[in-house]
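Visitor: Using only what follows, build the 3D model:
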Amino acid sequence: HRDRLGPRVQPLTFNAADISTWVGRVWWPMLRESGFALTAPAFSETVVPGLVKIVLSVSLAFVMAPLVRIPAQLTIFSAPGLLAALQEVLIGVAIGMVVQLSFEALTFAGQAISMTMGLGFATLVDPQRGANTTVLGQMFMIFGILTYLSINGHLILLGALAESFQTLPIGAAHIGQNFFLSVALWGARVFESGLLIALPAKISLVIVNLALGVVTRAAPQLNLFGIGFTITLLCGFFVLLVGLGGIMDGISGLINGALA
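Guide: Predicted structure coming up:
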(Lines give C-alpha, C1' and ligand atoms only; values in the text may rest on other atoms or scores of the structure.)
Protein backbone atom coordinates (compact mmCIF):
# COMPACT_ATOMS: atom_id res chain seq x y z
CA HIS A 1 0.00 0.00 0.00
CA ARG A 2 2.85 2.41 0.87
CA ASP A 3 4.57 1.57 -2.42
CA ARG A 4 1.45 2.53 -4.37
CA LEU A 5 1.23 5.89 -2.59
CA GLY A 6 4.80 6.78 -3.40
CA PRO A 7 7.63 7.89 -1.11
CA ARG A 8 6.84 9.06 2.38
CA VAL A 9 6.68 12.86 2.82
CA GLN A 10 9.51 14.12 5.00
CA PRO A 11 8.42 16.36 7.93
CA LEU A 12 9.44 20.03 7.88
CA THR A 13 12.22 20.96 10.24
CA PHE A 14 13.14 24.42 11.46
CA ASN A 15 16.19 25.60 13.28
CA ALA A 16 16.90 28.74 15.28
CA ALA A 17 18.86 30.37 12.44
CA ASP A 18 15.93 30.08 10.02
CA ILE A 19 13.46 31.51 12.53
CA SER A 20 15.82 34.39 13.35
CA THR A 21 16.18 35.19 9.65
CA TRP A 22 12.41 35.21 9.10
CA VAL A 23 11.78 37.38 12.15
CA GLY A 24 14.50 39.82 11.04
CA ARG A 25 12.90 40.16 7.59
CA VAL A 26 9.80 41.61 9.27
CA TRP A 27 11.36 43.19 12.37
CA TRP A 28 13.56 45.79 10.68
CA PRO A 29 10.97 47.26 8.29
CA MET A 30 8.37 47.20 11.08
CA LEU A 31 10.53 49.50 13.20
CA ARG A 32 10.67 52.14 10.47
CA GLU A 33 6.95 51.82 9.78
CA SER A 34 6.12 52.08 13.49
CA GLY A 35 7.93 55.42 13.68
CA PHE A 36 6.12 56.47 10.52
CA ALA A 37 2.72 55.59 12.03
CA LEU A 38 3.50 57.74 15.08
CA THR A 39 3.87 61.00 13.14
CA ALA A 40 2.40 60.66 9.63
CA PRO A 41 -0.84 62.56 8.89
CA ALA A 42 -4.02 60.45 8.92
CA PHE A 43 -2.09 57.55 10.46
CA SER A 44 -1.07 59.22 13.73
CA GLU A 45 -4.48 60.68 14.61
CA THR A 46 -5.63 59.96 18.15
CA VAL A 47 -8.97 58.74 16.79
CA VAL A 48 -7.09 55.81 15.23
CA PRO A 49 -6.86 53.07 17.90
CA GLY A 50 -3.43 51.86 18.91
CA LEU A 51 -4.27 48.31 17.85
CA VAL A 52 -5.03 49.55 14.34
CA LYS A 53 -1.65 51.30 14.20
CA ILE A 54 0.12 48.11 15.29
CA VAL A 55 -1.74 46.01 12.72
CA LEU A 56 -0.96 48.61 10.06
CA SER A 57 2.76 48.60 10.91
CA VAL A 58 2.95 44.79 10.85
CA SER A 59 0.98 44.59 7.58
CA LEU A 60 3.22 47.17 5.89
CA ALA A 61 6.26 45.26 7.16
CA PHE A 62 5.04 42.06 5.47
CA VAL A 63 4.28 43.96 2.24
CA MET A 64 7.63 45.78 2.10
CA ALA A 65 9.80 42.92 3.38
CA PRO A 66 10.70 41.74 -0.16
CA LEU A 67 12.03 45.25 -0.93
CA VAL A 68 14.34 45.34 2.08
CA ARG A 69 17.97 44.28 2.03
CA ILE A 70 19.22 43.30 5.47
CA PRO A 71 22.94 42.85 6.13
CA ALA A 72 23.80 39.29 7.09
CA GLN A 73 25.90 40.38 10.08
CA LEU A 74 23.09 42.51 11.57
CA THR A 75 21.38 40.73 14.46
CA ILE A 76 18.55 41.92 16.66
CA PHE A 77 20.10 41.24 20.07
CA SER A 78 23.42 43.02 19.70
CA ALA A 79 24.82 46.51 20.23
CA PRO A 80 24.88 47.33 16.47
CA GLY A 81 21.35 45.89 16.24
CA LEU A 82 20.03 48.17 19.00
CA LEU A 83 21.67 51.18 17.36
CA ALA A 84 20.20 50.23 13.99
CA ALA A 85 16.75 49.79 15.61
CA LEU A 86 16.90 53.30 17.06
CA GLN A 87 18.02 54.60 13.68
CA GLU A 88 15.11 52.92 11.90
CA VAL A 89 12.56 54.46 14.27
CA LEU A 90 14.11 57.91 13.78
CA ILE A 91 13.93 57.58 10.00
CA GLY A 92 10.25 56.62 10.15
CA VAL A 93 9.48 59.49 12.52
CA ALA A 94 11.29 61.97 10.27
CA ILE A 95 9.43 60.85 7.14
CA GLY A 96 6.05 61.36 8.79
CA MET A 97 7.05 64.54 10.61
CA VAL A 98 8.09 66.32 7.40
CA VAL A 99 4.49 66.25 6.16
CA GLN A 100 2.95 66.72 9.61
CA LEU A 101 4.83 70.02 9.95
CA SER A 102 2.90 71.32 6.95
CA PHE A 103 -0.38 70.90 8.83
CA GLU A 104 1.12 72.61 11.86
CA ALA A 105 2.00 75.55 9.62
CA LEU A 106 -1.61 75.72 8.40
CA THR A 107 -2.83 75.84 12.00
CA PHE A 108 -0.31 78.61 12.67
CA ALA A 109 -1.60 80.58 9.65
CA GLY A 110 -5.21 80.26 10.83
CA GLN A 111 -4.29 81.39 14.34
CA ALA A 112 -2.39 84.41 13.01
CA ILE A 113 -5.42 85.55 11.00
CA SER A 114 -7.80 84.89 13.91
CA MET A 115 -5.80 87.11 16.26
CA THR A 116 -5.91 89.98 13.77
CA MET A 117 -9.63 89.80 12.91
CA GLY A 118 -10.78 89.35 16.49
CA LEU A 119 -11.59 85.63 16.47
CA GLY A 120 -8.86 84.72 18.88
CA PHE A 121 -11.42 84.02 21.59
CA ALA A 122 -13.27 81.45 19.44
CA THR A 123 -11.31 78.29 20.19
CA LEU A 124 -11.98 74.57 20.02
CA VAL A 125 -10.27 71.70 21.78
CA ASP A 126 -8.02 69.86 19.36
CA PRO A 127 -7.80 66.24 20.57
CA GLN A 128 -4.73 65.60 18.39
CA ARG A 129 -2.63 68.20 20.25
CA GLY A 130 -4.48 68.32 23.55
CA ALA A 131 -4.77 72.10 23.39
CA ASN A 132 -7.14 74.82 22.25
CA THR A 133 -7.01 75.82 18.60
CA THR A 134 -8.77 78.74 16.95
CA VAL A 135 -11.69 78.12 14.61
CA LEU A 136 -9.75 79.37 11.57
CA GLY A 137 -6.83 77.13 12.50
CA GLN A 138 -9.19 74.15 12.52
CA MET A 139 -10.69 75.25 9.20
CA PHE A 140 -7.26 75.54 7.56
CA MET A 141 -6.36 72.13 8.99
CA ILE A 142 -9.51 70.60 7.46
CA PHE A 143 -8.70 72.23 4.10
CA GLY A 144 -5.19 70.79 4.31
CA ILE A 145 -6.36 67.26 5.16
CA LEU A 146 -8.92 67.28 2.33
CA THR A 147 -6.28 68.52 -0.11
CA TYR A 148 -3.83 65.91 1.16
CA LEU A 149 -6.33 63.10 0.62
CA SER A 150 -7.58 64.43 -2.73
CA ILE A 151 -4.09 64.25 -4.26
CA ASN A 152 -3.54 60.78 -2.74
CA GLY A 153 -0.90 62.17 -0.43
CA HIS A 154 -1.18 59.20 1.91
CA LEU A 155 -0.33 56.85 -0.97
CA ILE A 156 2.55 59.08 -2.11
CA LEU A 157 3.89 59.08 1.43
CA LEU A 158 3.71 55.29 1.59
CA GLY A 159 5.62 55.19 -1.70
CA ALA A 160 8.27 57.47 -0.20
CA LEU A 161 8.48 55.13 2.79
CA ALA A 162 9.05 52.15 0.50
CA GLU A 163 11.66 54.09 -1.50
CA SER A 164 13.49 55.02 1.70
CA PHE A 165 14.59 51.40 2.09
CA GLN A 166 16.66 51.90 -1.08
CA THR A 167 18.00 55.40 -0.36
CA LEU A 168 18.49 54.76 3.38
CA PRO A 169 19.17 51.01 3.61
CA ILE A 170 18.80 49.22 6.91
CA GLY A 171 22.00 49.12 8.90
CA ALA A 172 23.84 51.30 6.37
CA ALA A 173 21.99 54.63 6.56
CA HIS A 174 24.20 57.52 7.64
CA ILE A 175 22.21 59.73 10.01
CA GLY A 176 24.27 62.61 11.18
CA GLN A 177 24.18 66.33 11.66
CA ASN A 178 23.05 67.02 8.09
CA PHE A 179 20.03 64.73 8.45
CA PHE A 180 18.65 66.53 11.51
CA LEU A 181 19.65 69.92 10.10
CA SER A 182 17.65 69.28 6.93
CA VAL A 183 14.54 68.41 8.97
CA ALA A 184 15.00 71.55 11.11
CA LEU A 185 15.47 73.76 8.03
CA TRP A 186 12.36 72.26 6.45
CA GLY A 187 10.42 73.13 9.63
CA ALA A 188 11.61 76.73 9.36
CA ARG A 189 10.62 76.85 5.70
CA VAL A 190 7.21 75.37 6.45
CA PHE A 191 6.35 78.00 9.05
CA GLU A 192 7.61 80.67 6.70
CA SER A 193 5.15 79.32 4.13
CA GLY A 194 2.37 79.38 6.73
CA LEU A 195 3.12 83.03 7.44
CA LEU A 196 3.03 83.81 3.71
CA ILE A 197 -0.41 82.15 3.46
CA ALA A 198 -1.71 84.39 6.26
CA LEU A 199 0.14 87.54 5.17
CA PRO A 200 -2.43 88.97 2.66
CA ALA A 201 -5.26 88.67 5.16
CA LYS A 202 -3.14 90.10 7.98
CA ILE A 203 -2.06 93.11 5.91
CA SER A 204 -5.66 93.82 4.87
CA LEU A 205 -6.88 93.62 8.46
CA VAL A 206 -4.05 95.83 9.71
CA ILE A 207 -5.14 98.45 7.16
CA VAL A 208 -8.74 98.16 8.42
CA ASN A 209 -7.61 98.57 12.04
CA LEU A 210 -5.44 101.54 11.05
CA ALA A 211 -8.42 103.18 9.33
CA LEU A 212 -10.57 102.64 12.41
CA GLY A 213 -7.87 104.21 14.56
CA VAL A 214 -7.67 107.28 12.31
CA VAL A 215 -11.47 107.69 12.36
CA THR A 216 -11.50 107.37 16.14
CA ARG A 217 -8.87 110.13 16.45
CA ALA A 218 -10.60 112.37 13.93
CA ALA A 219 -14.09 111.98 15.42
CA PRO A 220 -13.88 111.00 19.11
CA GLN A 221 -17.62 111.40 19.49
CA LEU A 222 -18.12 108.34 17.26
CA ASN A 223 -18.03 105.33 19.56
CA LEU A 224 -16.21 102.96 17.21
CA PHE A 225 -15.36 100.61 20.05
CA GLY A 226 -18.90 99.30 19.85
CA ILE A 227 -18.87 98.65 16.11
CA GLY A 228 -15.14 98.28 15.48
CA PHE A 229 -15.17 94.60 16.37
CA THR A 230 -18.05 93.95 13.97
CA ILE A 231 -16.35 95.88 11.16
CA THR A 232 -13.09 94.01 11.65
CA LEU A 233 -14.90 90.68 11.72
CA LEU A 234 -16.88 91.39 8.54
CA CYS A 235 -13.78 92.66 6.72
CA GLY A 236 -11.88 89.57 7.83
CA PHE A 237 -14.50 87.22 6.40
CA PHE A 238 -14.63 89.26 3.20
CA VAL A 239 -10.85 89.07 2.78
CA LEU A 240 -10.90 85.30 3.40
CA LEU A 241 -13.70 84.86 0.86
CA VAL A 242 -11.93 86.92 -1.80
CA GLY A 243 -8.53 85.35 -1.19
CA LEU A 244 -9.75 81.76 -0.81
CA GLY A 245 -8.26 80.74 -4.16
CA GLY A 246 -4.82 82.03 -3.19
CA ILE A 247 -5.07 80.38 0.22
CA MET A 248 -5.89 77.01 -1.37
CA ASP A 249 -2.98 77.42 -3.81
CA GLY A 250 -0.69 78.07 -0.86
CA ILE A 251 -2.01 75.03 1.00
CA SER A 252 -1.56 72.80 -2.07
CA GLY A 253 1.96 74.10 -2.67
CA LEU A 254 2.90 73.53 0.96
CA ILE A 255 1.68 69.92 0.97
CA ASN A 256 3.22 69.16 -2.44
CA GLY A 257 6.53 70.59 -1.24
CA ALA A 258 6.44 68.37 1.86
CA LEU A 259 5.70 65.28 -0.23
CA ALA A 260 8.49 66.18 -2.64
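
Visitor: Quick check on Thr133: phi, psi?
Guide: Backbone torsions for Thr133, taken as degrees, to the nearest 10, come to phi -130, psi 140.

Visitor: you'd agree it is up against Leu106?
Guide: No: counting by C-beta atoms under 8 Å, Thr133 sits too far from Leu106 to count as a contact (10.8 Å). Where C-beta positions appear, they are placed from N, C-alpha and C, glycine not excepted.

Visitor: Could you tell me which residues touch both of those two?
Guide: Counting by C-beta atoms under 8 Å, 6 or more residues apart in numbering, the shared contacts of Thr133 and Leu106 are Met141.

Visitor: quick one, which of these two is more surrounded?
Guide: Leu106 (31 against 19; other C-beta atoms under 10 Å).

Visitor: where does the stretch 101-250 of the chain dip in pLDDT?
Guide: 120, 122-131, 172-176, 222-226 (pLDDT under 70).

Visitor: residue boundaries of the helices in it?
Guide: Assigned by DSSP state H, counting those that start in this stretch, the helices in the stretch 101-250 of the chain fall at 135-150, 153-167, 177-218, 224-242, 244-259.

Visitor: could these go into CSV alongside distance to Gln100 and mean neighbour count?
Guide: Below are these laid out as CSV (distance: least, C-beta to C-beta, whole Å; neighbours: other C-beta atoms under 10 Å):
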stretch, distance to Gln100, mean neighbour count
helix 135-150, 11, 18
helix 153-167, 10, 16
helix 177-218, 10, 15
helix 224-242, 25, 14
helix 244-259, 9, 17
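
Visitor: what's next to stretch 109-119, contact-wise?
Guide: 120, 122, 133-141, 194-195, 197-198, 201-202, 205-206, 209, 229, 232-233, 235-237, 240.

Visitor: let's see it at 7 Å
Guide: Residues external to stretch 109-119 that are found in contact with it (C-beta atoms under 7 Å, 6 or more residues apart in numbering): 120, 134-137, 139-140, 194-195, 197-198, 201-202, 205-206, 229, 232-233, 236.

Visitor: can you give me the offset of it from its chain's centre?
Guide: The chain centroid and the centroid of stretch 109-119 are separated by 23 Å, computed with C-alpha atoms, centre = their mean, to the nearest Å.

Visitor: Could you export the helices of the stretch 101-250 of the chain as CSV, including distance to Pro71?
Guide: Shown next, in CSV, are these (distance: least, C-beta to C-beta, whole Å):
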stretch, distance to Pro71
helix 135-150, 35
helix 153-167, 13
helix 177-218, 20
helix 224-242, 54
helix 244-259, 30
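
Visitor: do you know which of these lies nearest Gly92?
Guide: Gly92 lies closest to helix 153-167 among the helices of the stretch 101-250 of the chain, at 7.5 Å (C-beta to C-beta).

Visitor: angle of that closest one against helix 135-150?
Guide: 70 degrees (axes from the mean of the first three to the mean of the last three C-alpha atoms, to 10 degrees).

Visitor: From the contact counts, what lies against helix 153-167?
Guide: Helices and strands touching helix 153-167, by 3 or more C-beta pairs under 7 Å, 6 or more residues apart in numbering; DSSP states H and E, are helix 16-39, helix 79-117, helix 244-259.

Visitor: Please identify the deepest-packed of those helices.
Guide: helix 79-117 (a mean of 21; mean count of other C-beta atoms under 10 Å).

Visitor: what angle do it and helix 153-167 make?
Guide: 150 degrees.

Visitor: show me what contacts Val68?
Guide: Trp28, Pro29, Phe165, Ile170.

Visitor: Contact partners for the second one?
Guide: Shown in contact with Pro29 (C-beta under 7 Å, 6+ apart): Ala61, Met64, Ala65, Val68, Phe165.
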